[in-house]
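Novice: With the sequence up front, the predicted model follows.
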Amino acid sequence: DTAVSQTPKYLVTQMGNDKSIKCEQNLGHDTMYWYKQDSKKFLKIMFSYNNKELIINETVPNRFSPKSPDKAHLNLHINSLELGDSAVYFCASSDRGGYTFGSGTRLTVV
Amino acid sequence: GENVEQHPSTLSVQEGDSAVIKCTYSDSASNYFPWYKQELGKGPQLIIDIRSNVGEKKDQRIAVTLNKTAKHFSLHITETQPEDSAVYFCAAIISGGGADGLTFGKGTHLIIQP
């Protein structure tokens, strides 16, 4: 069983569209995250979320919004997609220790 | 916030030689330092970590050292093999200090020459 799974693996869409990326973890972890990896491989946190608190990186545009239907899921919604949103997005989870990452979603905005 | 610097950005070594990647961090309150390996098309995978109450940790061919005073930590890979080729990331965080997430270095592309 995959510990942190995200779908889709690839997403190609036009500018201006709205899209979602789904993430699920079966580790029982309390906290989930979204990270963005740019073309230079730099990993930067976008959001962290547990059942009590959402922490937003202040540099993330408000077109990005996390949605958590339950403790095991943290989806990422993106409105009005822009060319600069093209990147690989990683979901991760943690529980007072190591972080486990999903395999990533490569988003290409054309 | 925390800032992590990582060097070198690219490291090429002969198969069988050792590789060393170095990182520095800025926040003296950080107490957990993991290292991740990322292969092409995959997510980062934890390979080793160290907490601030330990100076060194080893797992087979991989070791990590931590100097809290100097605020730097290093990854050592001995007897390198072709499958060690990947991008390696160091990271730092105040474990248990909230949900701020890991702060990553910019990565080191390790190339193992046959």
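Specialist: Nice, thanks for sending it over. All figures in this text were calculated on a predicted structure; none of them were measured in a lab.
Novice: quick one, what contacts B:L46?
Specialist: A:G98, A:Y99, A:T100, B:P34, B:W35, B:Y36 (C-beta atoms under 8 Å, 6 or more residues apart in numbering or on different chains). To be clear about C-beta, it is placed using only N, CA and C from the backbone, and glycine gets the same treatment.
Novice: and these as CSV, adding neighbour count?
Specialist: Below are those laid out as CSV (neighbours: other C-beta atoms under 10 Å in any protein chain shown):
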residue, neighbour count
A:G98, 16
A:Y99, 24
A:T100, 20
B:P34, 23
B:W35, 24
B:Y36, 25
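Novice: Now intersect those residues with the strands, please.
Specialist: A:Y99, A:T100, B:P34, B:W35, B:Y36 (DSSP state E).
Novice: Save those as CSV, and put in pLDDT too.
Specialist: Converted to CSV, the ones in strands among the contacts of B:L46 look like this (pLDDT from 0 to 100):
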residue, pLDDT
A:Y99, 90
A:T100, 93
B:P34, 95
B:W35, 97
B:Y36, 97
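Novice: Can you tell me which of those residues comes closest to B:D84?
Specialist: B:W35 (12.5 Å; C-beta to C-beta).
Novice: For B:L66, see how far away the closest one is.
Specialist: 11 Å (C-beta to C-beta, to the nearest Å).
Novice: and if you look at A:N26?
Specialist: Counting by C-beta to C-beta, the gap from A:N26 to B:L66 is 32 Å.
Novice: Settle it for me: which of these two has more neighbours?
Specialist: B:L66 (22 against 12; other C-beta atoms under 10 Å in any protein chain shown).
Novice: Could I get the full set of strands for chain B?
Specialist: B:4-7, B:10-14, B:19-25, B:32-38, B:45-51, B:56-59, B:62-67, B:72-77, B:86-92, B:103-104, B:108-113.
Novice: Name every strand pairing with the last one and say which way it goes.
Specialist: Going back to what we said before, that points to strand B:108-113. Sheet neighbours of strand B:108-113, with direction, are listed as strand B:10-14 (parallel), strand B:86-92 (antiparallel) (DSSP bridges).
Novice: Provide the backbone phi and psi angles at A:L11.
Specialist: phi -150, psi 120 (degrees, to the nearest 10).
Novice: How about the secondary structure of the residue nearest to it when sequence neighbours are not counted?
Specialist: What sits nearest to A:L11 in space, not counting adjacent residues and going by C-beta to C-beta, 6 or more residues apart in numbering or on different chains, is A:L107, at 4.9 Å. On the three-state scheme (DSSP: H, G, I helix; E, B strand; the rest coil), A:L107 is labelled strand.
Novice: What residues sit buried inside the lowest-mean-pLDDT helix or strand in chain A?
Specialist: The helix or strand of chain A with the lowest confidence, counting by mean pLDDT, DSSP states H and E, is strand A:54-56 at a mean of 78. For strand A:54-56, the neighbour count (16 or more other C-beta atoms under 10 Å in any protein chain shown) marks A:I55 as buried.
Novice: Walk me through which strands that strand pairs with, and which way each runs.
Specialist: Here, using DSSP bridges, strand A:54-56 pairs with strand A:43-49 (antiparallel).
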